[in-house]
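Enquirer: coordinates only, no sequence provided:
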C-alpha cells in the first residue's frame with residue numbers, strides 16, 4: 001500500500017509568491033492536477049472552456065481559499081499547516097485507518113492513496129456550519145480535507161481523515177452511481193463517523209453529529225428519514241442529508257430538516273446496527289446499505305439516547 005501526502009503548505013507558499021495573473025493556473029497544476037483521476041470520475045472539468053464555466057477551480061472556491069486570495073497575507077494560516085509533525089500525524093492517521101482494514105481481513109483493491117489538507121475559506125457559510133473543517137473521500141485513492149486552521153480544527157484533522165478513509169474503503173466495494181439512495185448515504189456517513197470515533201474517541205465526534213440533540217433526532221429527524229430511504233437523485237437527497245441551511249446554499253429546495261440531519265441519524269443508526277448485529281465496523285463498512293437497513297427496523301421506533 002502506497003500512501004502519499006501532497007504538501008499543500010509548500011504549494012501555498014509558491015502560489016503566494018507568484019504574480020497575480022499566474023496564481024490560478026499554478027494552483028490548478030500544483031494542487032489539483034495530482035487528483036486528475038478523481039475529477040474525471042466525478043465528471044468535473046479540469047479547466048472550463050469558458051472563463052465563467054464550472055471546473056475544478058470553481059469547486060475549490062466553494063469552501064477553500066481561492067488561488068487569487070493566496071498572498072503573503074496568508075502567511076500565518078500557511079504556517080499553521082507547515083510543521084512536519086502536523087503532516088506526520090495526518091499521514092499516520094491515513095495509514096492507521098487503511099491498515100486497520102487489511103488487518104481485519106478486508107482486501108483493498110486500490111493500492112495507491114493520495115491525500116492533502118487545504119486551507120478553508122472562513123467566509124464560506126457551509127464550511128462555518130461544520131465549525132471550520134470538512135473532507136472529501138468518496139473516490140477511492142483520493143482524500144482531500146479542508147480546515148480553517150486553529151487549535152480546534154487542527155486537533156480534529158486525524159478524525160476527519162479517518163472518516164474519509166472509511167468512505168475510501170466502502171466505495172471500493174459499493175457502487176456509487178446515479179441510483180444511489182438516501183439510505184446508502186445515511187449509512188455511509190454513519191459508518192465513517194463511527195469508524196473515526198472508534199479510533200480517536202468520541203471527543204472528536206464531528207459537529208455534523210454532535211450538534212443534534214436527542215429530541216430533534218427522535219421526534220423530527222428519524223420519522224421523516226425513515227420514509228425517504230429509497231429516495232434517489234442528489235438534488236432530492238441533499239436537503240435530507242445536509243439539512244436546510246446547506247441545501248439553500250447549494251440551491252436545493254429545503255425540506256424542513258436541521259443541519260446534517262442524515263449524518264446524525266446515520267451515526268446512531270450504525271451504533272444500533274453494530275450492537276444488534278454483533279458486527280465489527282470493518283465488516284459493516286463493506287456491507288450493502290439495504291442489508292444494514294433490513295436489520296435495524298427497531299431503531300426507528302426506539303428513543304435514541306445521546307450521551308454528553
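Expert: Received it, and whenever you're ready, just let me know what you need. Computed from a predicted model, the values in this text were never measured in an experiment.
Enquirer: got a pLDDT number for the residue lying closest to residue 65 once chain neighbours are set aside?
Expert: Nearest non-adjacent residue to residue 65, counting by Cβ to Cβ, 6 or more residues apart in numbering: residue 119, 4.5 Å away. C-beta here means a position set from N, CA and C on the backbone, and glycine is covered the same way. Predicted confidence (pLDDT) for residue 119: 98.
Enquirer: go on, the one 3 residues further on?
Expert: For residue 122, the model assigns a pLDDT of 97.
Enquirer: now it: how far from residue 69?
Expert: 11 Å (Cβ to Cβ, to the nearest Å).
Enquirer: the two: which has the busier surroundings?
Expert: More crowded of residue 122 and residue 69, by other Cβ atoms under 10 Å: residue 69, with 16 against 13.
Enquirer: so what's that one up against?
Expert: residue 121 (Cβ atoms under 8 Å, 6 or more residues apart in numbering).
Enquirer: what does residue 168 give?
Expert: With Cβ under 8 Å, 6+ apart, residue 168 has these contacts: 98, 110, 113, 137, 138, 139, 140, 141, 142, 143.
Enquirer: and the third one, what element?
Expert: When elements are defined using DSSP states H and E, residue 113 is found to belong to strand 112-119.
Enquirer: the following helix or strand past that strand - contacts with which helices or strands?
Expert: Where DSSP H and E defines the elements, the next helix or strand beyond strand 112-119 is helix 125-129. Under the contact criterion of 3 or more Cβ pairs under 8 Å, 6 or more residues apart in numbering; DSSP states H and E, helix 125-129 touches helix 56-63, helix 244-249.
Enquirer: including mean neighbour count, mean pLDDT and distance to residue 85, could the ones you listed go into CSV?
Expert: As requested, the helices and strands packed on helix 125-129 are exported to CSV (neighbours: other Cβ atoms under 10 Å; pLDDT from 0 to 100; distance: least, Cβ to Cβ, whole Å):
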stretch, mean neighbour count, mean pLDDT, distance to residue 85
helix 56-63, 18, 96, 25
helix 244-249, 17, 92, 33
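Enquirer: can you put these in CSV and add distance to residue 194?
Expert: As requested, the helices and strands packed on helix 125-129 are exported to CSV (distance: least, Cβ to Cβ, whole Å):
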stretch, distance to residue 194
helix 56-63, 24
helix 244-249, 22
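Enquirer: any stretches of the stretch 1-150 of the chain with poor pLDDT?
Expert: Within the stretch 1-150 of the chain, the segments meeting pLDDT under 70 span 51.
Enquirer: where exactly do the strands run in it?
Expert: Under the criterion DSSP state E, counting those that start in this stretch, the stretch 1-150 of the chain contains strands at 2-6, 112-119, 133-136, 142-147.
Enquirer: ok, residues contacting stretch 181-192?
Expert: Outside stretch 181-192, the residues touching it (Cβ under 8 Å, 6+ apart) are 137, 163-164, 166-167, 170, 174, 176, 208, 225, 228-232, 236-237, 240-241, 262-263, 265-271, 281, 284-285, 289-290, 292-293.
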